[in-house]
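[1] everything below, folded, please.
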Amino acid sequence: MSAFQKGLIAFLSVIAVAVFALVFWIYSGAWNQPLGPALQQATSTPFQLPATWTPDPNATGTPLSQPTFAPVDSATLPPTSDAVTGLCGGPAVINILAVGSDARANSYNYGLADVIRLVRVDFVNPKVTILEFPRDLWVEIPDIADNLKGQDHEKLNQAYLYGNRGFGYTDDPAQGPGLLARTMTLNFGTRIDHYAAVNMRTFEKIVNAVGGIEVYLPEAIDGRTPDDPSERLIFHQGTLHLDGQRALTLARIRIEGTFARADNQNRVLCALRDRITSPDVITRIPQLIQSFQGAVQTDLSPAQLGQLACIGTQIDPGNIVFASFPQELFKSTRILDPVFGKRVFVWDVDFDILRDYITQFNEGTWPPASGTPENSNEEGIPFCP
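    Just a heads-up that it's a prediction; the model follows:
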C-alpha cells in the first residue's frame, strides 16, 4: 500500500463516514462538484442566551425571529478567509459536522442525530480535533415554529430529524444536516463548513467490510435494562473483536450516562481507525466501495475529499484528538415539552460557557494536545494512543 493510500484510509476512518470518499475519488468525473446540497449559513447575529440560562419548565415556546440565510461559499468564512493556503492545497482550516443517525433504513427520511461531532481539520499544522456535542441540549431550532404551533425549542438531536425529508420543516437544501448545522451556529457560535452523515446500517457495513474491529475496554459494561435484558448488551473487560452489529450496540449503550456513552463511541472510532490503517485492509477496498455507494449525506466534493485524504498522510496519530466539554458543567433536569406533552430529560448548562469553549475550538486553542484530560478517560488515558 502506498503512503498516499494509507493516508487516505487513515484520516477518513476518524470520522467514520469518510471512506465513502474513495468511491467518488475513483469513479466521479465531477471533481469540483459537491456530492450534496451546500450548507446555508445564518446572516443574523446568533441567538444570545443569558449567562446563567436554565430550562424554564413553564416556557410557552413563543417563537423568536428567524434568521435569514443564503448560500455561502465556505472559502469566504473565517478561518478559511485568510490568505494562508494549507498543505495539500487545502484551506487553513476546515470544520465538518459529522452525524450518526439512529435510522436503520437505507434512506435518510427519518432518524435523530444519535451522534453529533464537530471535526476541525488543520491543514497548516496537520491535526484533527473531534468534539462531541451532547444530544440532549434544549436549543432554539430555526424553521420549526410554524409546524409545531409556535414551539421553537427542542433537543439538539431533533434538528436533524425535523430537517430531513420525512418531516421537511425547513426549506434548507441541505435538509437535516443543514438545519442541525444552523441550529448549532445559532446557539453556540460554531463554525461549520461542510457535513457528513451516516445511518446505523451504513455504519455496520463499514465495520463488517473491514473484518470487524478490536476494542479495548478497561472494565466490563452491562447495558441490560428491565425492558431489554438481552445478553448482547454485556461486554466483558479486555480486548474484544466486534462485528458491525456489536460495535454499533457498544456505541449506543447509555445505561451509565451520556458521557460514558461518548467514551465508548470514541473507543469504537479509534478501533475503526486502527483497523482501517492495517496492511491487509487494502484487500477489502471493493467491499468498502460497495458499502458506501449512495449511503452517506455529504456536501464535500471529490476535490475536497482528495485534500482531506492528502493531509491524512501528514497527521501524526497523536494529533488526532477526541474531546468533550467538561462533565462538571452539566446537570440533569427535565423540561415540559409541548410537542410530546410531557417533561423530558435535558442538560442544564450555561450556554455562554459552551460558547467560550467553541470560540477556543474555532481558533484551535482548545482542547490541548493529545493525552491531556480533555482527550482522556477519567483515568487520564487517551482514547487514541
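
[2] the strands in the stretch 51-200 of the chain, which residues?
    For the stretch 51-200 of the chain, the strands defined by DSSP state E, counting those that start in this stretch occupy 69-71, 93-101, 113-122, 127-132, 138-140, 153-155, 194-198.

[3] tell me how far the third one lies from the chain's centre.
    Spelled out, it's strand 113-122. On the basis of CA atoms, centre = their mean, to the nearest Å, strand 113-122 is displaced by 3 Å from the centre of the chain it belongs to.

[4] make a markdown table out of the strands of the stretch 51-200 of the chain and add mean neighbour count.
    Any C-beta I mention is one placed from the backbone N, CA and C, and that applies to glycine too. Converted to a markdown table, these look like this (neighbours: other CB atoms under 10 Å):
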| stretch | mean neighbour count |
| --- | --- |
| strand 69-71 | 13 |
| strand 93-101 | 25 |
| strand 113-122 | 23 |
| strand 127-132 | 22 |
| strand 138-140 | 22 |
| strand 153-155 | 24 |
| strand 194-198 | 26 |
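
[5] show me what counts as buried in stretch 214-224.
    Applying a neighbour-count criterion of 16 or more other CB atoms under 10 Å, one finds 215, 217, 221, 223 buried in stretch 214-224.

[6] now the strands of the stretch 51-200 of the chain as CSV including mean pLDDT?
    What follows is the strands of the stretch 51-200 of the chain, written out as CSV (pLDDT from 0 to 100):
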stretch, mean pLDDT
strand 69-71, 39
strand 93-101, 93
strand 113-122, 94
strand 127-132, 92
strand 138-140, 98
strand 153-155, 97
strand 194-198, 92
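
[7] for residue 182, find the nearest of the ones you listed.
    Comparing these against residue 182 with CB to CB, the closest turns out to be strand 69-71 (6.7 Å).

[8] so for this protein, the centremost residue is which one?
    residue 117 (2.5 Å; CA atoms, centre = their mean).

[9] was I right to think that one contacts residue 135?
    No - in this structure residue 117 lies outside contact range of residue 135 using CB atoms under 8 Å: 11.0 Å.

[10] hang on, the earlier thing: for the residue nearest to the centre of the chain, which non-adjacent residue is spatially closest?
    residue 98 (4.3 Å; CB to CB, 6 or more residues apart in numbering).

[11] surely that neighbour is in contact with residue 119?
    Yes - Residue 98 lies in contact with residue 119 (CB under 8 Å); the separation is 5.3 Å.

[12] what's the pLDDT at the residue nearest to residue 249 when sequence neighbours are not counted?
    Distance criterion CB to CB, 6+ apart; nearest residue to residue 249, sequence neighbours excluded, is residue 232 at 6.2 Å. Note for residue 232: predicted pLDDT of 91.

[13] packing partners of the lengthiest helix in the chain?
    Identified as the longest helix of the chain according to DSSP state H is helix 258-276. With contacts defined as 3 or more CB pairs under 8 Å, 6 or more residues apart in numbering; DSSP states H and E, helix 258-276 has these neighbours: helix 3-14, strand 127-132, strand 213-217, helix 244-252, strand 320-324.

[14] distance of the closest residue to residue 187 other than its chain neighbours relative to residue 219?
    In space, and not counting its chain neighbours, residue 187 is closest to residue 139: 4.6 Å by CB to CB, 6+ apart. Noted for residue 139: a distance of 33 Å to residue 219, by CB to CB, to the nearest Å.

[15] so residue 320 is in contact with residue 128, correct?
    Yes - using CB under 8 Å, residue 320 makes contact with residue 128 at a distance of 5.0 Å.

[16] show me whatever sits in contact with both of residue 117 and residue 135.
    Common contact partners of residue 117 and residue 135 (CB atoms under 8 Å, 6 or more residues apart in numbering): none.

[17] in this structure, mark out all the helices, start to finish.
    3-14, 20-27, 156-163, 175-188, 200-209, 244-252, 258-276, 285-292, 302-312, 351-363.

[18] redo the ones you listed as a markdown table? Include distance to residue 144 and mean neighbour count.
    Formatted as a markdown table, these follow (distance: least, CB to CB, whole Å; neighbours: other CB atoms under 10 Å):
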| stretch | distance to residue 144 | mean neighbour count |
| --- | --- | --- |
| helix 3-14 | 32 | 20 |
| helix 20-27 | 29 | 19 |
| helix 156-163 | 5 | 26 |
| helix 175-188 | 8 | 27 |
| helix 200-209 | 24 | 22 |
| helix 244-252 | 26 | 20 |
| helix 258-276 | 23 | 22 |
| helix 285-292 | 31 | 17 |
| helix 302-312 | 30 | 22 |
| helix 351-363 | 19 | 17 |
